[in-house]
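# output the structure for:
(chains A and B)
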Amino acid sequence: MLPGFATGRPVSPEAFLVPGDDVVLKKRLADAALNAAKSKGASYADVRIGRYLNQYVTTREDKVENIVNTESYGVGVRVIANGCWGFAAVVDAKNEAQLAKAAEEAVAIAKANSKLMKEPVQLASQKGFGEVSWKAPIKKNAFEVPIKEKVDLLLSVNDAAMKNGANYVNSILFQVNEQKYFASTDGSYIDQDIHRIWPLFNVTAIDPKTGKFETRKSLSAPMGMGYDYLQSNPADKITGVTTRYNKGYDMLEDATAAAQQAKEKLTAKSVEAGKYDLILDPSHLWLTIHESVGHPLELDRVLGYEANFAGTSFATLDKWQSKNFQYGSKQVNLVADKLQVGSLGAVGWDDEGVNTKQWDLVKDGVLVNYQAIRDQAHIIGAKESHGCCYADSWSSVQFQRMPNVSLAAGKTPLSVEEMIKDVKKGIYIIGDGSFSIDQQRYNFQFGGQLYYEIKDGKIAGMLKDVAYQSNTQEFWNSCVQVCDERDYRLGGSFFDGKGQPMQASAVSHGSSTARFNGVNVINTARKI
Amino acid sequence: MAILTKEEAKKIIDKVLAFSKADEISASLSGERTGNIRYARNSVSTSGETTDLSLSVTAVYGKKSGTATINEFDDASLEKTVRRAEEIAKLAPDNPEYMPMLGQQSYIESKAFIENTAAIDAEYRAKAAFSSIDPCAKKNLTAAGYMEDNSGFSAQGNSKGLFGYNKSTSVDFSVTVRTADGTGSGYVARDYNDASKLSTQTATEIAMQKALASVNAKALEPGKYTVILEPTAAHDLVQNMMRSMDARSADEGRSFLGKKGGGTRLGEKLLDERVTIYSDPANPEIPGAPFAADGRPQEKVTWFEKGVVKNMYYSRFWAEKKGVKAIPSPGGFIFEGGNDSLADLIKGTEKGILVTRFWYIRSVDPQTLLYTGLTRDGTFYIENGQIKYPVKNFRFNESPVIMLNNVEAIGKPVRTNGSLIPPLKIRDFTFTSLSDAV
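Below you'll find the model as predicted:
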């Protein structure tokens, strides 16, 4: 995964309030492309008319560094002709002739590529849904909030951090709105309105005497929500050693805590390397799930299509076929999902017209499924796609992307306090930090934001210089407990990278706090 | 149409400047044609070509700036874009760190544009992919690769008299070759301005050799080892250090170049005395852009000389505040070396590990520039000057600063990812765990 950046043309913020084209016009444009594709010999065609709005506000201390407003609009046409895929895209397409031309180009490319094809595309059948729509259930559209209000919020967050001992603070607000219209020769005309938001900051504290510095990032999550995510709500706060947040983020409160904790880190005890029982908060565990479960179970990776960039996967088809590959312990249930309200992956239909759903990847510890789209379903003997096809722009070809992948909450009532009470020698990790995993997803190393030593069932103080290393199967088999649903929260990635040329995608990962026994912890302190 | 001549570009920019009523105005015009072909499982998966031409206009009132872009170039569209940039500027908050636009500058003539790269077409790409796939298929190996070619120009001008124009081409190729049973994997990457220097077949043959030679890897205990880093591996760690040389972060005390008690480590010997790293946009092997995005000229700059920190890069705001020259961050960089080839370095090694490349490198501690990552696609044990057998991949936790204090030998630099990087022989490189990944 890699950081992303704004694409599209800069616009004034008022442009965000101008509605996109109505569905009558979009249907007419789409039909022009579908009819042109069919008349040129395509056996299947789909059209994506996309309007993508982005607003990024960046500040540091008492200054606004940048406000970026962009809009991107265009159409992508994908076809199957002579059994082969072809794709063409056109920017700012506004009339039927442009759409028809793009469709003809896509058919020509498919026919040319079919000469190099080894076997024809096998597309899982999909019923058409007629004219339908889906809107993210947001309460407050972030694009309707004046920029001044957002700038004031970030500057007040920075001020709170500075007043509480930070030497520096950077804060950012990312907002995205995807207005997507999909149509296909299956008879679907799908209009969708998707919103994402991610407020975040990074606080730095410096000890000038030693020349050391420490940082603490926000404990927010990127969400499939509107500006309502920034409404503080006591019911969404999880108190304890530090406050964490569910679907209402109190950025000001978190910045205050972050500044104090960054300072505390400067004098925290450096960890002694060795084996520890790890208690991992959902604000941390999401990234471990993402890297060690989400990516290795992408079917295109398993098959070798990503071998030159992201890599392949240890979770090979024979392991799945054996029906007894113990991915994790019996406590481990990992679920793929495109429905979860407030998640980054939630949509009504994916980018090839498949209705979204939920399915098991790992059940009671055993590997039971992958993530597959329409042209892959037959490989795992499935009759239908999982509905996890996505393109990051109208100009990109859609391909298999990770749905939300989450660790199911434990079924037995268990709180974090009860979990910690049983740990003799452990570390409680909150927030995501450094992350790295090999190209087949065996060996990984993760850091965090906050580390607390657990001694004989009690929190014994803050640690630093902590990272844990493990192997995916060993790690998930060392999972002995998962807290119940009261502790369940989402984390996620706003800019997950995959493919060449690379495309970004946003995905959530939920869990409750979980315990992993006997994990190898290293000390990362060095001297230069 | 995507690549305008200097005269065509200047004509459009001059028109834009003439339309403006703002305190300051700048226009930046760029165009490119990018093509790519991607393959996996010995078969082409995607290929395409896009062209783009766009103009970005920034208007400034006092310390407020606004930017608008357009891809239509008639007078009415140009004027509309200028007005839009002016409107956005008027609504923007003051930027207290705004720096007035630069006046006329003098730039070197870049040699980064090569006609035959600009002429690459779909047929060329298909042939390049075939030349990589075919030898693999014949040996029952599996290739997954990607080639991207780019030709483009960028021009900028402003109301203070600045004008710059540059055009360049590039081609980037990489391939991963795996054995049919997935127990061996090899990799190679090449990048050039001149596509005639690229043979996808010759490059692929190296990845094929590595794939075949890496089957049945043995597990060695993690620990400190003497390593020979091929340029691709050395590049990734050294580049992370070069990207961390921002002067403001150092002055603020949040960089590896910050000093106990305040100040920076400029002038301190931080690396082995054999380490000299500089950048030079006029270098014929890695011709760079003549100007940075904000119009500052790119010049030859020495960053480390005999291990001593000689320069850091500055924003114009920070340089003015500190009263120093505002040196922009470089494009590629040049790590000076000797004449030894990779084979010479291997020959001179009693015991060591040869590393083809690293993967998934992430920062662990910005204070010490500690990074973690893994070896990938060809890791071998060397004994008595010879490659003895393949070894399982390792995870490392290492800082380029520590690594460049443990230098045993520096080979002959070769072009790698737009920089000139030698193979490096390093002692006590820290591997912290084993990976089963192939």
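
# for the spatially closest residue to A:Ala307 that is not a sequence neighbour, give me its contacts.
Spatial nearest neighbour of A:Ala307, excluding adjacent residues (Cβ to Cβ, 6 or more residues apart in numbering or on different chains): B:Ala144 at 3.7 Å. (C-beta placed from N, C-alpha, C; glycine too.) Taking Cβ atoms under 8 Å, 6 or more residues apart in numbering or on different chains, we find B:Ala144 in contact with A:Gly304, A:Tyr305, A:Glu306, A:Ala307, A:Asn308, B:Tyr39, B:Ala40, B:Arg41, B:Val175, B:Thr176, B:Arg178.

# wait, a strand at B:Ile133?
No. According to DSSP: H, G, I helix; E, B strand; the rest coil, B:Ile133 belongs to no strand; its state is helix.

# isn't it right next to B:Ala143, touching?
Yes. With contact defined as Cβ atoms under 8 Å, B:Ile133 reaches B:Ala143; the gap is 5.1 Å.

# now do the shared contacts for those two.
B:Tyr39, B:Asn42.

# for residue 395, give me its contacts.
Assuming you mean chain A. A:Gly74, A:Gly76, A:Ala89, A:Val91, B:Thr50.

# hmm, no, I was thinking of chain B.
Neighbouring residues of B:Arg395 by Cβ under 8 Å, 6+ apart: A:436, A:438, A:443, A:445, A:469, B:222, B:372-374, B:431-435.

# still on that earlier bit, give me the buried subset of the contacts of B:Ala144.
Taking 16 or more other Cβ atoms under 10 Å in any protein chain shown as the criterion, what is buried in the contacts of B:Ala144 is A:Gly304, A:Tyr305, A:Glu306, A:Ala307, A:Asn308, B:Tyr39, B:Ala40, B:Val175, B:Thr176, B:Arg178.

# any idea how far the fifth one is from chain B?
So that's A:Asn308. 4 Å (Cβ to the nearest Cβ, to the nearest Å).

# for chain A, which segments count as helices?
A:23-39, A:96-113, A:147-163, A:251-266, A:282-289, A:299-303, A:317-321, A:416-421, A:472-477 (DSSP state H).

# which one of the ones you listed has the lowest average pLDDT?
Here the lowest mean pLDDT among those goes to helix A:96-113, at a mean of 92.

# show me which residues of the stretch 51-200 of chain A are close to chain B?
Residues of the stretch 51-200 of chain A found near chain B, taking Cβ under 8 Å from any Cβ of the partner chain as the criterion, are A:63-65, A:67, A:85, A:87, A:91, A:109, A:112-113, A:116-118, A:151, A:167-168.

# so where's chain A shaky on pLDDT?
Along chain A, the model assigns pLDDT under 70 to residues A:1-7.

# can you give me the domain assignment for it?
Listed by automatic domain parsing, the domain ranges of chain A are A:9-139+A:178-196, A:274-523.

# isn't A:Gly20 up against A:Gln179?
Yes. Between A:Gly20 and A:Gln179 there is a contact under Cβ under 8 Å: 4.7 Å.

# identify the contacts common to the two.
Once Cβ under 8 Å, 6+ apart is applied, the residues that A:Gly20 and A:Gln179 both contact turn out to be A:Arg51.

# who's in contact with stretch B:315-323?
Counting by Cβ under 8 Å, 6+ apart, B:Glu97, B:Tyr98, B:Met99, B:Ala247, B:Arg248, B:Asp251, B:Asp294, B:Arg296, B:Tyr314, B:Lys325, B:Ala326, B:Ile327 sit against stretch B:315-323.

# show me which positions of it end up buried.
Buried, per 16+ other Cβ under 10 Å, within stretch B:315-323: B:Ser315, B:Arg316, B:Trp318, B:Ala319.

# my guess is B:Asp172 meets B:Glu148, correct?
Yes. Counting by Cβ under 8 Å, B:Glu148 is a contact partner of B:Asp172 at 5.1 Å.

# B:Leu369 - how many residues pack around it?
Using other Cβ atoms under 10 Å in any protein chain shown, B:Leu369 has 23 neighbouring residues.

# residue contacts, it?
Neighbour list for B:Leu369: A:Ile528, B:Asn240, B:Met241, B:Ser244, B:Phe256, B:Ser363, B:Ser399, B:Pro400, B:Val401 [criterion: Cβ under 8 Å, 6+ apart].

# distance-wise, check the residue in the stretch 1-150 of chain B that chain A sits nearest to relative to B:Glu205.
Nearest residue of the stretch 1-150 of chain B to chain A: B:Ala144, at 3.7 Å (Cβ to the nearest Cβ). Separation of B:Ala144 from B:Glu205 (Cβ to Cβ, to the nearest Å): 16 Å.

# helices along the stretch 151-300 of chain B, start to end?
Here the stretch 151-300 of chain B has its helices, by DSSP state H, counting those that start in this stretch, at B:200-213, B:231-242, B:247-251.

# so which of these comes closest to A:Asp360?
Of all those, it is helix B:200-213 that lies closest to A:Asp360, at 35.5 Å by Cβ to Cβ.

# which strands and helices sit next to the closest one?
The contact analysis (3 or more Cβ pairs under 8 Å, 6 or more residues apart in numbering or on different chains; DSSP states H and E) places helix B:200-213 against helix B:122-138, strand B:141-158, strand B:163-179, strand B:185-192, strand B:370-383.

# ok, which of these comes nearest A:Ala514?
strand B:370-383 (22.9 Å).
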